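**Student:** Output the structure for:
(4 chains)
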2 protein chains.
Amino acid sequence: MRIGELAERAGTTTRTLRYYESRGLLPARRGSNGYRAYDESDLRLVEQIKVLQDFGFGLEETRPFVECLRAGHPEGDSCPASLAVYRRKLDELEALIGELESVRTKVRGQLERAEGARARLAAEAQTPGGPDPLCELADATPSARNKTTMTGNKG
Amino acid sequence: MRIGELAERAGTTTRTLRYYESRGLLPARRGSNGYRAYDESDLRLVEQIKVLQDFGFGLEETRPFVECLRAGHPEGDSCPASLAVYRRKLDELEALIGELESVRTKVRGQLERAEGARARLAAEAQTPGGPDPLCELADATPSARNKTTMTGNKG
DNA sequence: GCTTTCCTTGACGCCGGGGTCAAGGATTAC
DNA sequence: GTAATCCTTGACCCCGGCGTCAAGGAAAGC
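**Tutor:** Model prediction:
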């Protein structure tokens, strides 16, 4: 099988496969015409990489799995080095989730505090004798669109 | 105050402050010598940016807060546009945390399955009549070090 | 034979938030 | 006066995972 077919069957692009090869993850035999030649086992390699990438693993982190498969083992995680990556990743996930939860709590607190402050100002504005140190109270600019930074995980 | 002093007082670098200026976040007056001149209110701007950056906000997301402060409001989140950013960020955090938890569950499952498979193979290896389709059972290569991808949040 | 498609390598672009020179002018300390 | 700092702008570098040309050879359909 040539690179185009492999890419299609794996649901990726030729560029990506060449990139993997350049990183030493997916070495390819060459036909007499110089074209890369792949077989079914290569397809399994690429699929393994995809699964891990979807988990948010970096390419380097997929290497033990790929080497494990290439060594002839039935699954990419049949080798201890792969298990070590799983464990390290779990630790990282725990840490990251914890930090994000902490941030969420803080941002929530900030939002509630700020909303409360605005509510108090609005009330004073109603009260006789109240001036208005008030901003744009109208909820303005719904035009501000942003892109979400998803930090490594896909959709 | 000149840029070096502001950087030091804000706990950042001159490069960063110039970068903010280039993004339109921190416009600076200029002295007759061409040097940037800042005052205390600029320090507050930079501090506001820092807080939000520590929350994992992108620079663009700090803009409403900064503009709110520059408009003379007591706090960066005194304006509705800032509150909108808080809310959007909370939604993103929820979504991201949810995805990470999902990944964590899946990786955990993979790890347990793979560990179980190895345990079964090890047991068979003990059993009389068992061959060994076994890999490197010894927990090898503690030498593989990696860098943690923390996706936007600092330490 | 001719066109279209597939393949090859190489090289630049992107995104965010700056780090890190480099060359030259201003200020300040002594 | 002069050396050590500070300031200025400009430009390239980093990371990860590719996307996107570009120029040219091979293969396949008709």
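**Student:** Just the pLDDT at the residue of chain A found nearest DNA strand C, thanks.
**Tutor:** Closest residue of chain A to DNA strand C, C-beta to the nearest atom of the strand: A:G4 (2.5 Å). For the C-beta atoms, the positions are set from N, CA and C on the backbone; glycine is no exception. A:G4 carries a pLDDT score of 97 in this model.
**Student:** quick one: secondary structure of it?
**Tutor:** When classified by DSSP: H, G, I helix; E, B strand; the rest coil, A:G4 comes out as helix.
**Student:** Give me the neighbour count for it.
**Tutor:** Using other C-beta atoms under 10 Å in any protein chain shown, A:G4 has 13 other residues around it.
**Student:** quick one: stretch A:20-36 near DNA strand D?
**Tutor:** Yes: interface with DNA strand D: stretch A:20-36 contributes A:S32, A:N33, A:G34, A:Y35 (C-beta under 7 Å from any atom of the strand).
**Student:** what is the rounded mean pLDDT of that stretch?
**Tutor:** What stretch A:20-36 shows for mean pLDDT is 97.
**Student:** The helix or strand A:D42 falls within and DNA strand D, any residue contact?
**Tutor:** Element membership of A:D42 [criterion: DSSP states H and E] is helix A:40-54. Yes: Helix A:40-54 reaches DNA strand D (C-beta under 7 Å from any atom of the strand) through A:Q53.
**Student:** Next, the angle from the next helix or strand after that helix to helix A:40-54.
**Tutor:** Using DSSP H and E, the helix or strand that follows helix A:40-54 towards the C-terminus is helix A:59-70. On the basis of axes from the mean of the first three to the mean of the last three C-alpha atoms, to 10 degrees, helix A:59-70 is oriented at 150 degrees to helix A:40-54.
**Student:** Okay, buried residues for helix A:59-70 please.
**Tutor:** Within helix A:59-70, the residues scored as buried using 16 or more other C-beta atoms under 10 Å in any protein chain shown are A:E61, A:T62, A:R63, A:P64, A:F65, A:V66, A:E67, A:C68, A:L69, A:R70.
**Student:** Please list the outside residues in contact with that helix.
**Tutor:** For helix A:59-70, contacts defined as C-beta atoms under 8 Å, 6 or more residues apart in numbering or on different chains pick out A:20, A:23-26, A:41, A:44-45, A:48-49, A:52-53, A:75-79, A:81-82, A:84-85, A:89, B:135, B:144, B:146.
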